[in-house]
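J.: I'd like to go over a predicted model; first the sequence, then the structure.
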Amino acid sequence: MGETFSGFRRTDGRIGVRNHVAIIPTSVSVSSIASKVADEAGEWARATPHQMGTSQPDRTREQTRRTLAGIGRNPNVGGALVVELGTEDIDAEGLADDIARVDTPVSTLTVREVGGTRAALDEGVSLATALYDEAKEARREEADVSELVFGVECGGSDATSGIAANPAVGHACDRLVEAGGTASFSETPEFIGAEHTLAERCTDEETRRRLLDRVDQRESQAELMGVDLRGAQPTPGNKEGGLTTIEEKSLGAIVKGGTTPVEGMVDYAERLPTGAGLVLMDTPGYDVESVVGKVAGGAQVVAFTTGRGSTTGNPIAPVIKVTGNPKTWEKMSSNIDVNASTVVDGRPISEAGDRVYETLVAVANGRRTAAEQRRLEEFAINEIQPNELASAEVDV
Amino acid sequence: MKGESIDGVVLRMDDGDDVATALEDLSAGRELTVDGDTITLAEDVPFGHKVALRSVEAGAEIHKYGEVIGAASRPIEPGEWVHTHNCESTRGRGDKAAAEGSA
């Protein structure tokens, strides 16, 4: 066994770094109730409110369902309560069965059947508490770092992201991959202009093909619609921070995954294998949705780099904030876990990278991140857009 | 730090790069020693923004990280600020595709 941390060993062998009870609404209709149940139940309960789950086309609904199931199966979840109104396209019992496939204890609550929202809250708190009574018996035990799936994300990027914060996180990814773990980064629109360098690193032809196809799809959506990506990519904030083009942003963004070979690419919210090295996920550039995709894929810990300053977190996985911008560190240190701006002052990338890696292990061991301490827990599921649905039909 | 610091105030990521990134707010008139030559900043370049290290013809590719980050939309002289006003993306240009389609 190499370097270790202590986590919650689940009955099927997976290892969690947190022991939450997830309160998962199947649709927007019960998202507020899920949040209220979590608030009333206790600090250990985490709601995942979202805007999806009703009147969605088949492919979009399937993605919502896959995401919710993946969230329930994340090893940081010691128990899950699935909440439905009872009229949704996504069936709570079916979703609960999917979650229970990894032996996670699950209950369901149908608001229409229990006598209105007040009764649903009482019943929800009671069901969640019963799940926690079981989950809290879990004790941390020793696990190898190779059991970690580390999701990496960037948001509010500026020129320091590509120079300092992303290479520092990339160094941590390299260390984890070398130790046998999995690192994953995503945001396909931010591969545009850098995909040739990623393609060269793919270990097999299928992964290379898939990567280039997905980049092509994202780029051709812009072309099909006669849209110039420049309005949105780089974002106005990125431009203020010195990033001029999508190519420049992408070349700086992909550095956060480190330098190891690309071993595979999975779909949004699809399972990220453990012990797999560097694996890409096809997600949109919107960071909250992208983080949720990787957490649904099984990432137990996420690193999030930001040049301009971002406060976002996630209800299920701790999010480690890293900045390479000395001004952002100065102004927002209460929201940031790792200062990588030392790189801008001329210190080695490896030094900041080691701090990211040590923070990853400490957070896996239970240290709470800045976002966790402040209960910043954004949650959003990517909705497949009409033009994406149309291009999928053309493919068939 | 990866890349090469020039006079401690700008960072060139790769030897072949046309631009370097300002590591602090730089003022017009500031001189930089680039490969033995002196270039003078033509305008203020804010922290994180790019300064041209050499001249680039209109339409020519601009390099950072040793890779193409865009093309010059007009001639650029050494010491100029390089941003959206004189450098444009070559990718994701649905507007161009649409213009070509209708031409």
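T.: Now that the structure is in, tell me what you want to look at.
J.: and the residue of the stretch 1-150 of chain A at minimum distance from chain B, backbone torsions?
T.: The stretch 1-150 of chain A approaches chain B most closely through A:F150 (21.4 Å), counting by CB to the nearest CB. Yep, even glycine has a C-beta here, placed from its N, CA and C like the rest. Phi and psi for A:F150, reported as degrees, to the nearest 10, are phi -110, psi 110.
J.: check which helix or strand A:V279 maps to.
T.: A:V279 belongs to strand A:277-281 when elements are defined using DSSP states H and E.
J.: what packs against the next helix or strand after that strand?
T.: Remark: after strand A:277-281, the chain's next helix or strand is helix A:287-296, criterion DSSP H and E. Secondary-structure packing of helix A:287-296 (3 or more CB pairs under 8 Å, 6 or more residues apart in numbering or on different chains; DSSP states H and E): helix A:58-73, strand A:149-154, strand A:301-305.
J.: what sits against A:G78?
T.: Neighbour list for A:G78: A:8, A:10, A:16, A:19-21, A:104-105, A:131-132, A:134-136, A:138 [criterion: CB atoms under 8 Å, 6 or more residues apart in numbering or on different chains].
J.: my error: substitute A:G309 in the last question.
T.: Applying CB under 8 Å, 6+ apart, the residues near A:G309 are A:156, A:323, A:325, A:328, A:331-332, A:335.
J.: neighbour-wise, which of the residues you listed leads?
T.: The most crowded member of the contacts of A:G309, judged by other CB atoms under 10 Å in any protein chain shown, is A:T323 (33 neighbours).
J.: how about the helices in chain B?
T.: In chain B, the segments counted as helices under DSSP state H are B:94-102.
J.: A:V169: neighbouring residues, count only.
T.: 34.
J.: these two touch, right, it and A:V322?
T.: Yes: in this structure, A:V169 is within contact of A:V322 by CB atoms under 8 Å, at 5.8 Å.
J.: now for the two: what residues contact both?
T.: Shared contacts of A:V169 and A:V322 (CB under 8 Å, 6+ apart): A:303, A:305, A:340, A:356.
J.: and these, which two are furthest apart?
T.: Within these, A:A303 and A:A340 form the most distant pair, 10.5 Å apart (CB to CB).
J.: picking that back up, now the buried members of the contacts of A:G78.
T.: A:8, A:10, A:16, A:19-21, A:104-105, A:131-132, A:135, A:138 (16 or more other CB atoms under 10 Å in any protein chain shown).
J.: quick one: which of these sit in strands?
T.: Judged by DSSP state E, these include A:8, A:16, A:20-21 as members of strands.
J.: just put these in CSV and tack on distance to B:S73 and pLDDT.
T.: Putting those into CSV (distance: CB to CB, whole Å; pLDDT from 0 to 100) gives the following:
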residue, distance to B:S73, pLDDT
A:F8, 55, 98
A:G16, 51, 98
A:H20, 51, 98
A:V21, 55, 98
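J.: from these, which is closest to A:G277?
T.: Using CB to CB, these come closest to A:G277 at A:G16, 21.4 Å.
J.: isn't the closest one up against A:S6?
T.: No: A:G16 is beyond contact range of A:S6, at 10.9 Å (criterion: CB under 8 Å).
J.: how many residues are close by the closest residue to A:G285 other than its chain neighbours?
T.: Excluding its sequence neighbours, the residue lying closest to A:G285 (CB to CB, 6 or more residues apart in numbering or on different chains) is A:P189, at 4.3 Å. When counting by other CB under 10 Å, one arrives at 23 neighbours for A:P189.
J.: hmm, A:P189 is touching A:P284, no?
T.: Yes: taking CB under 8 Å as the definition, A:P189 is a contact partner of A:P284 at 6.8 Å.
J.: show me which residues of the stretch 251-396 of chain A sit near chain B.
T.: By CB under 8 Å from any CB of the partner chain, the part of the stretch 251-396 of chain A that sits against chain B consists of A:251-252, A:307, A:325, A:327, A:343-344, A:346-349.
J.: contacting residues around the residue nearest the centre of chain A?
T.: In chain A, the residue lying closest to the centroid (CA atoms, centre = their mean) is A:V291, at 2.5 Å. Residues near A:V291 by CB under 8 Å, 6+ apart: A:151, A:153, A:302, A:304, A:312, A:314, A:317, A:319, A:378.
J.: one step back: quick one: the closest residue to the residue of the stretch 1-150 of chain A closest to chain B other than its chain neighbours from chain B, how far?
T.: Excluding the flanking residues, the one nearest A:F150 by CB to CB, 6+ apart is A:A183, at 4.8 Å. Counting by CB to the nearest CB, to the nearest Å, the separation of A:A183 from chain B is 19 Å.
J.: and A:A183, backbone torsions?
T.: phi -120, psi 140.
J.: who does it form a beta bridge with?
T.: Beta bridges link A:A183 to A:F150, A:L278 when assigned by DSSP bridges.
J.: circling back to that earlier point, my guess is the residue of the stretch 1-150 of chain A closest to chain B contacts A:A179. True?
T.: No: counting by CB under 8 Å, A:F150 stays clear of A:A179, with 10.7 Å between them.
J.: who has more neighbours out of those two?
T.: Applying other CB under 10 Å to A:F150 and A:A179 shows that A:F150 carries more neighbours, namely 30 against 16.
J.: which residues does that one contact?
T.: So A:F150 contacts A:172-173, A:176, A:181-184, A:299-303, A:360 (CB under 8 Å, 6+ apart).
J.: do the same with A:K327
T.: B:F47.
J.: quick check: it is in a helix.
T.: Yes: using DSSP: H, G, I helix; E, B strand; the rest coil, the assignment for A:K327 is a helix.
J.: so which helix or strand of chain B has the lowest pLDDT on average?
T.: Least confident helix or strand of chain B, by mean pLDDT, DSSP states H and E, is helix B:94-102 with a mean of 63.
J.: equivalent analysis for chain A, please.
T.: Result, chain A / mean pLDDT, DSSP H and E: helix A:386-395, a mean of 64.
J.: test my guess that A:I192 contacts A:V215.
T.: Yes: using CB under 8 Å, A:I192 and A:V215 qualify as a contacting pair, with a distance of 6.0 Å.
J.: so, low pLDDT: which residues of chain B?
T.: B:1, B:92-103 (pLDDT under 70).
J.: can you map out the strands along it?
T.: For chain B, the strands defined by DSSP E occupy B:4-6, B:10-12, B:19-22, B:31-34, B:37-40, B:50-52, B:61-64, B:67-72, B:81-82, B:87-88.
J.: closest to A:T48 out of those strands?
T.: Nearest of the strands of chain B (CB to CB): strand B:67-72, 37.7 Å.
J.: near chain A, anything from the closest one?
T.: Yes: Strand B:67-72 reaches chain A (CB under 8 Å from any CB) through B:67-70.
J.: of the residues you listed, which is the nearest to B:V19?
T.: Nearest to B:V19 out of those is B:I69 (CB to CB; 7.9 Å).
J.: so the closest one touches A:L251, yeah?
T.: Yes: B:I69 is within contact range of A:L251, at 6.7 Å (criterion: CB under 8 Å).
J.: what about those two, which has more around it?
T.: B:I69 (30 against 24).
J.: residues in contact with the more buried one?
T.: B:I69 touches A:193, A:244-245, A:247-248, A:251, B:19, B:62-63, B:87, counting by CB under 8 Å, 6+ apart.
J.: chain neighbours aside, what residue packs nearest to A:A296?
T.: A:G70 (3.1 Å).
J.: so A:G346 touches B:K2, yeah?
T.: No: between A:G346 and B:K2 there is no contact under CB under 8 Å: 11.2 Å.
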